[in-house]
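>>> predicted model follows, preceded by the sequence.
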Amino acid sequence: MGLSHDTHRTAARIAPRAKDFKRRTRLTVAGRLRLNMCKFYCTGATYAHWIPALAVEDDDRQQMVFVPREASGATITDDWDGFGQRVTGSGSVAFDDVEVHPEWIVPFQDSFDRVTPIGPHAQIMHAAIGLGIGQEAFGQMTSFIRDRARPWIDAGVDRADQDSLTIAGVGEVALRLRAAEALLHRAGRVLDLAQADATEATVADASLAVAAARALTTTAGLLAASRLFELSGTSATSGADNLDCYWRNVRTHTLHDPVRWKYHAIGTIA
């Protein structure tokens with residue numbers, strides 16, 4: 001993907017830099033390093049042996065701190081009550097004047113003081129998750145329509161999978177998912193180039209390619225999870241089948257990084 005120099009500079013602003021955020025979590029030096037923070041929705045914390053936390057030192061440089069769960073002053077609360085991602089162990093974490101050993105610290109700021117593909121690498125994993133949920137929802141939908149759904153009375157057919165409007169709806173979802181998958185694979189190839197040779201141009205290309213994949217995997221995943229019920233009918237909402245987990249999970253997962261900003265990023269350089 002060939003971008004002009006001006007476009008590269010614009011695209012470089014897509015990925016947020018560490019210095020652009022004002023974090024309240026402080027890593028203070030008072031004879032020894034101390035960490036104080038509270039964080040809601042700390043993914044995996046309930047099961048983790050080590051809890052990662054981003055903190056800033058007195059000179060405002062950001063550090064990644066890995067704290068063992070048994071550290072004095074560390075509290076993990078299993079209080080995640082969101083309607084999706086229920087088994088991610090995303091409880092709250094509090095560090096109350098936890099003493100931090102130097103070997104627990106990873107120099108996070110260094111990753112943003114030079115051009116790196118860290119941003120698009122993290123984003124493409126989330127895109128893949130959204131697509132995967134959508135693909136599984138699609139599989140559940142087609143199975144339900146074929147084996148259990150009833151045809152709409154006005155369709156004049158004996159089976160739900162013979163309903164022409166249902167077939168068209170299934171085709172639309174399949175096409176969106178395939179397009180999203182194609183963008184995801186393309187983003188992976190562009191990201192591979194950036195990881196092999198990280199320059200302003202290659203990382204900008206990767207950021208844009210991943211933004212496009214993230215936008216379409218989000219919308220395709222949500223569409224698949226919603227059409228699962230629209231095309232399968234009321235019986236698909238039975239709690240015993242738990243089919244709503246696909247919508248709940250893809251909806252919750254895609255909220256922490258709004259897709260509208262992916263479209264904005266792509267539109268900015270169009």
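Here it is on my side, so go on.
>>> give me the phi and psi for the nearest residue to Ala48 once chain neighbours are set aside.
Nearest residue to Ala48, sequence neighbours excluded (C-beta to C-beta, 6 or more residues apart in numbering): Arg69, at 6.4 Å. Bear in mind the C-beta positions are built from the backbone N, C-alpha and C, glycine included. Comment: the main-chain dihedrals of Arg69 come out as phi -60, psi -30, following degrees, to the nearest 10.
>>> would you confirm that Arg69 contacts Ile76?
Yes. With contacts counted by C-beta atoms under 8 Å, Arg69 reaches Ile76, the gap being 6.1 Å.
>>> so what sits against both of these two?
Shared contacts of Arg69 and Ile76 (C-beta atoms under 8 Å, 6 or more residues apart in numbering): Ile51.
>>> domain boundaries for the protein, per the record?
The record's domain parsing of the chain by automatic domain parsing lists 18-111, 115-268.
>>> tell me which of these sits most buried.
Burial among the domains of the chain, expressed as mean neighbours by mean count of other C-beta atoms under 10 Å, is greatest for domain 115-268, which shows a mean of 18.
>>> what about the strands in the stretch 101-250 of the chain?
105-106 (DSSP state E, counting those that start in this stretch).
>>> where among the domains of the chain is average confidence lowest?
Set side by side, these give their lowest mean pLDDT on domain 18-111, at a mean of 84.
>>> middle-most residue in the chain, spatially?
The geometric centre of the chain, computed from its C-alpha atoms, lies nearest to His126 (C-alpha atoms, centre = their mean), at 3.3 Å.
>>> make sure that residue is actually in contact with Val250.
No. The pair formed by His126 and Val250 falls short of the contact definition of C-beta under 8 Å, at 11.0 Å.
>>> how far out from the middle of the chain is stretch 196-213?
Using C-alpha atoms, centre = their mean, to the nearest Å, we find the averaged C-alpha position of stretch 196-213 to lie 18 Å away from the chain's own average C-alpha position.
>>> ignore the last one, stretch 82-94
Chain-centre distance of stretch 82-94: 14 Å, with C-alpha atoms, centre = their mean.
>>> then stretch 182-195?
Average the C-alpha atoms of stretch 182-195, do the same for its chain, and the two points are 17 Å apart (C-alpha atoms, centre = their mean).
>>> now do stretch 126-146
Put simply, stretch 126-146 sits 16 Å off its chain's centre (C-alpha atoms, centre = their mean).
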